[in-house]
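Peer 1: Sequence plus the predicted model coming up.
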Amino acid sequence: MAVIEIENLTKDYGNKKGIFDVSFSVKEGEVVGFLGSNGAGKTTTIRHLMGFISPQKGRAQILNMDCFRNASCVQMKVGYLPGEIAFMDNMSGKEFIEFMAKMKKMKDLTYARELTEYLEIDTQVKIKKMSKGMKQKIGLIIAFMQNVPILILDEPTTGLDPIMQNKFVELIKREKDAGKTILMSSHIFEEVENTCDRVVMIKDGKIVADEDIHKIKNNRVKHYEITFSDIKSAENFQGLYSDSQRRENTVFLSLKNQVDELIKQLSRYEVQDIAVRNQTLEEVFLRYYKEEK
Ligand SMILES: Nc1ncnc2c1ncn2[C@@H]1O[C@H](COP(=O)(O)OP(=O)(O)OP(=O)(O)O)[C@@H](O)[C@H]1O
């Protein structure tokens, strides 16, 4: 069942800015990465989903409810992390979390306390004295604390250091295991690669790719760097692969799904060293962009 459904969603801000005929859906229990560079249209799409703006054309639905017409109902079902959070600067983190809990008519703050501990943040500090990363943690606590079935996160790891980024990845995995449906926008490829089932890519307001992440991972190219014991062997081996390159006794080769054949070929040579690198999601992404052009 599609929990989030966007169909031909259009908001034209003029000058080719905005989003145009955006369509994609997120099934129950799925984690989808919404990937695009700055200004691509991620936030505009997400703001439609939260019912903050009305579409010029098309529609955005969550749990079969129109996001704009049923905005308050939709918002009760969604844990939302905005791209830019409007804080009450004079409150402490704790006061702000409690204030938001009251707005959401929440009584039980157990999960908020667990998240505070997990994200290692001192919530007694006044928000105006907090760093960007600390504020982001407060935003995450507020998005997750309600324990609702859907999470929509706009650039969730902004300002987080690498250790906290890893903790965030773990948190998403936990929420996924609990059956949550998650849509998160990002321009960080690794974050999407490590957490999502599917990736939807947006460019200049248009969807350019919608792919299963496992399919991308399986189909992506592997880059090999193979060092032979002597130049003659390297030359011989290079002759087998027309697209390969060679520097002295090292051959550089990019292959897709031909591991078995490669190992069989290599068994005939004396190999000194071999290094393998997967094509990153960023490289896959850039390929999509290039093909689109
Ligand atoms: N209210 C508005 N009026 C006019 N133009 C707008 C408005 N909101 C957004 N835009 C423009 O629409 C485009 C898409 O913006 P959006 O914020 O959705 O991008 P984004 O993918 O979230 O980018 P970022 O990663 O930088 O947050 C941008 O060019 C932006 O300048």
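Peer 2: Received, thanks.

Peer 1: residues touching N249, list them.
Peer 2: 227-231, 233-234, 272 (C-beta atoms under 8 Å, 6 or more residues apart in numbering). In this view, the C-beta of every residue, glycine as well, is placed from N, C-alpha and C.

Peer 1: Could you measure from it over to the ligand?
Peer 2: Distance check for N249 against the ligand: by C-beta to the nearest ligand atom, to the nearest Å, it reads 45 Å.

Peer 1: One more: M91?
Peer 2: 26 Å.

Peer 1: What is the burial count for the residue of the stretch 51-200 of the chain found nearest the ligand?
Peer 2: Of all residues in the stretch 51-200 of the chain, the one sitting closest to the ligand is G83 (5.4 Å; C-beta to the nearest ligand atom). By other C-beta atoms under 10 Å, the residues close to G83 number 15.

Peer 1: same question, G36
Peer 2: 23.

Peer 1: Quick one: residues contacting the closest residue to it other than its chain neighbours.
Peer 2: Counting by C-beta to C-beta, 6 or more residues apart in numbering, G36 lies nearest to I202, which is 4.0 Å off, once chain neighbours are set aside. With contact taken as C-beta under 8 Å, 6+ apart, I202 is in contact with 19, 22, 34-36, 40-42, 45, 208.

Peer 1: for those, which one is nearest E117?
Peer 2: F34 (29.1 Å; C-beta to C-beta).

Peer 1: tell me which element that closest one falls in.
Peer 2: strand 31-35 (DSSP states H and E).

Peer 1: Strand partners (parallel or antiparallel) of that strand?
Peer 2: The pairing partners recorded for strand 31-35 under DSSP bridges are strand 181-186 (parallel), strand 198-203 (parallel).

Peer 1: Please identify the most buried of the ones you listed.
Peer 2: Mean neighbour count (mean count of other C-beta atoms under 10 Å) peaks for strand 181-186 among the strands paired with strand 31-35, with a mean of 25.

Peer 1: coming back round to it: just the ones of the contacts of I202 in strands?
Peer 2: 19, 22, 34-35, 208 (DSSP state E).

Peer 1: Nearest to the ligand among those residues?
Peer 2: Distances from the ligand to these, taken by C-beta to the nearest ligand atom, are shortest for I19, at 7.0 Å.

Peer 1: so where do the helices sit in the stretch 51-200 of the chain?
Peer 2: 71-77, 93-103, 110-118, 132-144, 162-177, 189-195 (DSSP state H, counting those that start in this stretch).

Peer 1: So which residues on the chain come close to the ligand?
Peer 2: Applying C-beta under 6 Å from any ligand atom, we find that the chain lies next to the ligand at 13, 17-18, 36, 38-44, 83, 187.

Peer 1: would JSON lines of these with pLDDT and distance to T250 be doable?
Peer 2: Listed next are the residues of the chain next to the ligand as JSON lines, based on pLDDT from 0 to 100; distance: C-beta to C-beta, whole Å:
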{"residue": "Y13", "pLDDT": "95", "distance to T250": "51"}
{"residue": "K17", "pLDDT": "94", "distance to T250": "47"}
{"residue": "G18", "pLDDT": "96", "distance to T250": "49"}
{"residue": "G36", "pLDDT": "87", "distance to T250": "37"}
{"residue": "N38", "pLDDT": "85", "distance to T250": "38"}
{"residue": "G39", "pLDDT": "89", "distance to T250": "41"}
{"residue": "A40", "pLDDT": "91", "distance to T250": "38"}
{"residue": "G41", "pLDDT": "95", "distance to T250": "43"}
{"residue": "K42", "pLDDT": "95", "distance to T250": "41"}
{"residue": "T43", "pLDDT": "94", "distance to T250": "45"}
{"residue": "T44", "pLDDT": "96", "distance to T250": "47"}
{"residue": "G83", "pLDDT": "88", "distance to T250": "45"}
{"residue": "H187", "pLDDT": "79", "distance to T250": "34"}
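
Peer 1: Going through those residues, which ones are buried?
Peer 2: Using 16 or more other C-beta atoms under 10 Å as the burial test, those include 18, 36, 40-44, 187 as buried.

Peer 1: Could you list the buried residues of the longest strand along the chain?
Peer 2: The longest strand of the chain (DSSP E) is strand 2-14. Buried positions in strand 2-14, judged by neighbour count with 16+ other C-beta under 10 Å: 2-6, 9, 11.

Peer 1: Check the gap between F168 and M65 for me.
Peer 2: 28 Å (C-beta to C-beta, to the nearest Å).

Peer 1: whoops, I mixed them up, S131
Peer 2: For S131, the distance to M65 - C-beta to C-beta - is 37 Å.
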